[in-house]
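In: Following is a predicted model, sequence given first.
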Amino acid sequence: MPFLTDTHAHLYSKQFDSDREAMVQRARDAGVGRILLPNIDRASTDALWRTVEMDPELFLPMMGVHPCHVKEDYEQELAHVESELRTGRYIAVGEIGIDLYWEKDFIAQQVEAFEQQMRWAKELKLPIAIHCRDAFEQIFTSLEREQDGTLTGVLHCFTGSAAQAERCIALGMLLGIGGVATFKNGGVAEAIADIGMEHLLLETDAPYLAPIPHRGKRNETAFVRLVAEKVADIKGMDVDEVARITSANAARLFHL
């Protein structure tokens, strides 16, 4: 039976401190075989690694600074990212990108941090995991500036239109499909209806963006099966085939 891959989950979050082991067991019971953990800032790195050490075959770490953590001290954050990336312990550069919903005071710094981290990704031959909120045009501009034919990655938590999906793919990115795909007016189902399965990954973004029927509650990796079921419904496929293809896509992108 094919396993599911949750390509984006913050399971080191304090929201899981009371039941992390039980939550991981629920993920296994749901058929999850790999969980990718994106970093967000210097402060999250130790917790990230404590979680990886629970099961290094299940948990795979990324390293990056999230755009909402690009503040006055962003140069120190970037120095930490570079130092960590050069240890060779990470499968991707992430979570990186631009967020103009929560944070508009450091737009120039966000762009600088995003593009610098993309340059490290190219140098180290690592894929990227992109955070984009209210910032598609800015993301596209930076991708177009940095894409030299070697940059690979995923636009995590894709919530754009069909045209934006095609543009992401043209820029060498896969699309991370999560709980928003199950929302009645989320728009994701319509956007990916005609997108080939080879361009899609599954994710949760746990503890955020739980799918229906858990919307508004804490998300967890076991719920990636609900996302797989939704994609199967959109595509008219068997859920095991969705699991097989999306896990193969993840293995290809992240060199697993």
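Out: Noted; the coordinates are in hand.

In: Is it correct that Ile245 is in contact with Glu198?
Out: Yes - assessed by Cβ atoms under 8 Å, Ile245 is found in contact with Glu198 at 7.3 Å. C-beta here means a position set from N, CA and C on the backbone, and glycine is covered the same way.

In: At which residues are the helices of the stretch 101-250 of the chain located?
Out: Assigned by DSSP state H, counting those that start in this stretch, the helices in the stretch 101-250 of the chain fall at 107-124, 136-146, 162-170, 188-192, 224-235, 239-253.

In: wait, which of these is closest to Leu11?
Out: Proximity to Leu11 (Cβ to Cβ) singles out helix 224-235 among these, at 11.8 Å.

In: Would you mark the buried spots in the closest one?
Out: 224-228, 230-232, 234-235 (16 or more other Cβ atoms under 10 Å).

In: now do stretch 17-34
Out: Neighbour-count burial for stretch 17-34 flags 20, 23-24, 27, 30-34 (criterion: 16+ other Cβ under 10 Å).

In: Same check on stretch 70-83?
Out: Under the neighbour-count criterion of 16+ other Cβ under 10 Å, stretch 70-83 has 70, 74, 77-78, 80-81 buried.

In: Just give the number of residues close to Gly186.
Out: 18 (other Cβ atoms under 10 Å).

In: Please enumerate the strands of the chain.
Out: Remark: strands assigned in the chain by DSSP state E are 4-6, 32-37, 59-61, 93-99, 128-133, 153-155, 173-177, 200-202.

In: picking that back up, can you pick out the most distant pair from the buried residues of stretch 17-34?
Out: Greatest spatial distance in the buried residues of stretch 17-34: Arg20 and Gly31, 19.0 Å, computed using Cβ to Cβ.

In: picking up where we left off before, format the buried residues of stretch 17-34 as a markdown table; extra columns: distance to Lys104.
Out: Shown next, in a markdown table, are these (distance: Cβ to Cβ, whole Å):
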| residue | distance to Lys104 |
| --- | --- |
| Arg20 | 34 |
| Met23 | 34 |
| Val24 | 36 |
| Ala27 | 35 |
| Ala30 | 38 |
| Gly31 | 40 |
| Val32 | 36 |
| Gly33 | 39 |
| Arg34 | 35 |
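
In: Ala162: neighbour count?
Out: There are 14 residues near Ala162, going by other Cβ under 10 Å.

In: With adjacent residues omitted, what lies nearest to it?
Out: Spatially, and ignoring its direct neighbours in sequence, Ala162 is nearest to Ala191 (4.7 Å; Cβ to Cβ, 6 or more residues apart in numbering).
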